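> quick check, what structure comes out for this input:
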Amino acid sequence: MFRSIYDDVKESFLNGNMIVRIIIVNVVVYMVLALTQALFPAFFNQIFPYIALPGDVKELLFKPWTLLTHMFAHTGFFHMAWNMIILYWFGNIVGDLIGDKRIVPIYFYGGLTGALFFIVSAYLLPSVASLAIGASAAVLSIVFAAVAISPDYRVHLILLGPVKIKFIGLFILFFDLLGVASNVNTGGHIGHLGGTLFGFFFVYLLRDGVDLSDIKAIFIKKEPKKRSPLRVEYVAKTVKTNKTTEGKKMTTEDEVDRILEKIKREGYDKLTEGEKLTLHKASTKD
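Got it, this is the predicted structure:
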């Protein structure tokens, strides 16, 4: 049985998109930590400070890996489950609209931004905890990147039906601000705000022609293009052409640019099924 489970997880990791892979890593790490905490509590208490992010910079200098480990670790089931559910919802939206390859950079940079906000808050506010753990800041950077790209995109919620993601984002932001104001997990909520701001910042720069997921593009200046910078990028071995209603020909790349401009003007929900399919195919090409 365990061999079968291992094979299924391995297949999902190898064949799934980046969101599936990040979720698998988070769930596996949670299970290992939860079992360690339950079976070997003394050992868990010893290793926990080497996984969680310290608010003290001096301590961080001796544990730099915690900048990474803290954003893949959870010690509470509902904390982990909530993060992974919203990551799945919003991550697939981001992947479909601007490409799967941008998921990991947004997640990673968002987590680092949240870590920076937490460390600063630990120095400025006496009520902030000394350690931080969880993927919330990284996940919220994905959430608010989706909100920034297509605020009118609808998801179906139990009991509520279709809801525009801008209202879900507003709801999350409200409770983080409330948490900061009420001194409940203040450092955590401030870290969440860091991830939130990075999600918006990433999309803002992408629209301005700066792609933070492409390190070379940040330092190498490119000639300005007339096309929208907010686009699905891929390398096509052959360029296919489609006929427009006026009988003219349009490259696949031009078609994707036109669709993304339409999303900016009218929202994702205004796309036809054909346009959604074109965008999805483009975003999954390497």
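> could you look up the SS state of H156?
Classification of H156 by DSSP: H, G, I helix; E, B strand; the rest coil places it in strand.
> would you check that it makes contact with P162?
Yes. With contact defined as CB atoms under 8 Å, H156 reaches P162; the gap is 5.4 Å. Where C-beta positions appear, they are placed from N, C-alpha and C, glycine not excepted.
> helices and strands of the chain: which one bottoms out on pLDDT?
strand 241-243 (a mean of 42; mean pLDDT, DSSP states H and E).
> hey, C-alpha coordinates of the helix or strand that contains Y123 in PDB?
Here Y123, judged by DSSP states H and E, is contained in helix 103-124. Extracted as PDB, the C-alpha positions of helix 103-124 are listed here (Å, rounded to 0.1, in the frame of the first residue of the first chain):
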ATOM      1  CA  ILE A 103       4.700  30.600  -9.900                       C
ATOM      2  CA  VAL A 104       7.900  29.600  -8.000                       C
ATOM      3  CA  PRO A 105       9.500  33.100  -8.300                       C
ATOM      4  CA  ILE A 106       6.300  34.800  -7.000                       C
ATOM      5  CA  TYR A 107       6.000  32.300  -4.200                       C
ATOM      6  CA  PHE A 108       9.700  32.500  -3.200                       C
ATOM      7  CA  TYR A 109      10.000  36.300  -3.500                       C
ATOM      8  CA  GLY A 110       6.700  36.800  -1.700                       C
ATOM      9  CA  GLY A 111       7.900  34.600   1.200                       C
ATOM     10  CA  LEU A 112      11.100  36.500   1.400                       C
ATOM     11  CA  THR A 113       9.300  39.900   1.400                       C
ATOM     12  CA  GLY A 114       7.000  38.600   4.200                       C
ATOM     13  CA  ALA A 115      10.200  37.500   6.100                       C
ATOM     14  CA  LEU A 116      11.600  41.000   5.800                       C
ATOM     15  CA  PHE A 117       8.400  42.600   7.100                       C
ATOM     16  CA  PHE A 118       8.400  40.100  10.000                       C
ATOM     17  CA  ILE A 119      12.000  40.800  11.000                       C
ATOM     18  CA  VAL A 120      11.500  44.600  10.800                       C
ATOM     19  CA  SER A 121       8.300  44.300  12.900                       C
ATOM     20  CA  ALA A 122      10.200  42.200  15.500                       C
ATOM     21  CA  TYR A 123      12.600  45.100  16.000                       C
ATOM     22  CA  LEU A 124      10.000  47.800  16.100                       C
END
